[in-house]
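[1] 3D, please:
(one chain, ligands or ions: 2)
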Amino acid sequence: MNLSHTELNQLPKIELHCHLDGSISMGTIRVLAEKAGISLPDSDAALREKITAPENAESLLDYLAPFDFVLPMLQTKEALSLAAYDVLKQAKQDNIRYIEVRFAPTLHTEKDLTLLEVVQAVTKGLADGEREFDVKANALLCGMRHESAASVMQVIDLFLTGELTHVAGFDLAGGESDGFVGEFTSVLEKVTAHDIPLTLHAGECGCAQNVMDAIKQGATRIGHGVAIKDMPEKWAELIDKKITLEMAPTSNIQTKAVDKIENYPFKTLLDAGVRVTINTDNRTVSGTTLTDEYIKISEWYALKESEFRQIAQYAYEASFMTPQQRAALKDEFVIDNK
Ligand SMILES: O=c1[nH]cnc2c1ncn2[C@@H]1O[C@H](CO)[C@@H](O)[C@H]1O
Ligand SMILES: [Zn+2]
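    Ligands and ions are numbered 1, 2, ... in the order given. Next comes the predicted model:
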């Protein structure tokens, strides 16, 4: 029998893939808009339409459109701290014990913030939320793939300032073209040269080769990676290297990473031994919670509790936690299979 919604909610969880700007609750968006002097529709239904992915999204780029609506509200330190705090509040409701919240610093410098100030404002909100909600958290910094390698390099240079706390790794996000890894070789070489933990969006709506390129370039985790379903001959390599896929069922259907649920490879990959994990990607843009994503996976595949716990252990092992965070959560996430 499937686990009940309450049981799924209560499972201890780790979320590796959650975008800050796509995950701010409607209540906090109203607060941020007011502070920014931006007027919003009065009705929640009309506002929801602006901040969620279009029902008939045709592609990843369609899916990304609502971000343009929220970003003008995320241009001050106060707004960024409040947004990060708000995401941790939501994480608590999912019984998340550890979360990595990602964002692109270059998207928050429209007013007068420096990249460093942007990151410090977000990590302040995470630190406040950690204390308030007993959820551990780190930030991941994203470079945007539509920006130049030189601009993305400025984000990498933040890691080298020695001024960051609560920042655990790097990612590339935005629209995905085939062969994108090659456009950012110089950036990604610097990432690995400095041992900065690396996850890359790949094989979301691009080809399976993007996933293999990302791994070759040093990514230990892949954002989505759905397209690897088309290269079963590579699964053994993923298993061998303990590559972890950060999948997000609702988002993956919305972006048309697969045309229909029957073609979603989550369970096939899990059964084959590939390390898959469950994530929201964007709580608000996808209109979901991590509990909702667990419910979806439970309804689609009737997973047993032991399988959900195995998936959470994969997330624990692949996370970019500090040694202290890892030690504190060990008993909740390392299951004894023997
Ligand atoms: O699923 C996704 N694939 C690729 N890029 C994404 C996805 N969700 C959000 N973003 C992009 O990442 C930026 C930083 O958080 C967002 O502004 C959005 O453009
Ligand atoms: Zn994403």
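[2] Could you use CA atoms for every contact and neighbour count after this?
    OK.
[3] Enumerate the residues of the stretch 51-200 of the chain near ligand 1.
    64, 67, 102-104, 173-175 (Cα under 6 Å from any ligand atom).
[4] List of residues touching the lowest-mean-pLDDT helix or strand in the chain?
    Of the helices and strands making up the chain, the lowest-confidence element is helix 60-64, at a mean of 93, by mean pLDDT, DSSP states H and E. Around helix 60-64, the neighbours that count as contacts under Cα atoms under 8 Å, 6 or more residues apart in numbering are 53-54, 57, 174-175, 205, 254-256, 285.
[5] closest to ligand 1 among the residues you listed?
    Closest approach to ligand 1 among the contacts of helix 60-64 (Cα to the nearest ligand atom): residue 174, at 3.5 Å.
[6] residues contacting the closest one?
    The contact partners of residue 174, by Cα under 8 Å, 6+ apart, come to 64, 144-146.
[7] filter those residues to the buried ones?
    Among the contacts of residue 174, those buried by neighbour count (16 or more other Cα atoms under 10 Å) are 64, 144-145.
[8] remind me, longest helix of the protein?
    helix 115-133 (DSSP state H).
[9] Alpha carbons only: can I get that helix in PDB?
    C-alpha atoms of helix 115-133 as PDB (Å, rounded to 0.1, in the frame of the first residue of the first chain):
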ATOM      1  CA  LEU A 115      27.700  40.600  -6.500                       C
ATOM      2  CA  LEU A 116      29.200  40.000  -3.100                       C
ATOM      3  CA  GLU A 117      26.500  42.000  -1.300                       C
ATOM      4  CA  VAL A 118      23.800  39.900  -3.200                       C
ATOM      5  CA  VAL A 119      25.300  36.700  -1.900                       C
ATOM      6  CA  GLN A 120      25.800  37.900   1.600                       C
ATOM      7  CA  ALA A 121      22.200  39.100   1.800                       C
ATOM      8  CA  VAL A 122      20.900  35.700   0.700                       C
ATOM      9  CA  THR A 123      23.200  33.800   3.100                       C
ATOM     10  CA  LYS A 124      22.100  36.100   5.900                       C
ATOM     11  CA  GLY A 125      18.500  35.100   5.200                       C
ATOM     12  CA  LEU A 126      19.500  31.400   5.200                       C
ATOM     13  CA  ALA A 127      21.300  31.800   8.500                       C
ATOM     14  CA  ASP A 128      18.300  33.500  10.100                       C
ATOM     15  CA  GLY A 129      16.100  30.800   8.700                       C
ATOM     16  CA  GLU A 130      18.300  28.000  10.000                       C
ATOM     17  CA  ARG A 131      18.100  29.300  13.500                       C
ATOM     18  CA  GLU A 132      14.400  29.900  13.400                       C
ATOM     19  CA  PHE A 133      13.200  26.700  11.600                       C
END
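[10] going forward, begin numbering at 22 instead of 1
    Taking 22 as the first residue, the last one we looked at is helix 136-154.
[11] Report the distance from it to the chain centre.
    Centre-to-centre, helix 136-154 and its host chain are 17 Å apart (Cα atoms, centre = their mean, to the nearest Å).
[12] For that helix, report the contacting residues that lie outside it.
    Under Cα under 8 Å, 6+ apart, the answer for helix 136-154 is 97-99, 101-107, 109-110, 113, 126-127, 129-130, 156-160, 176, 179, 185-188.
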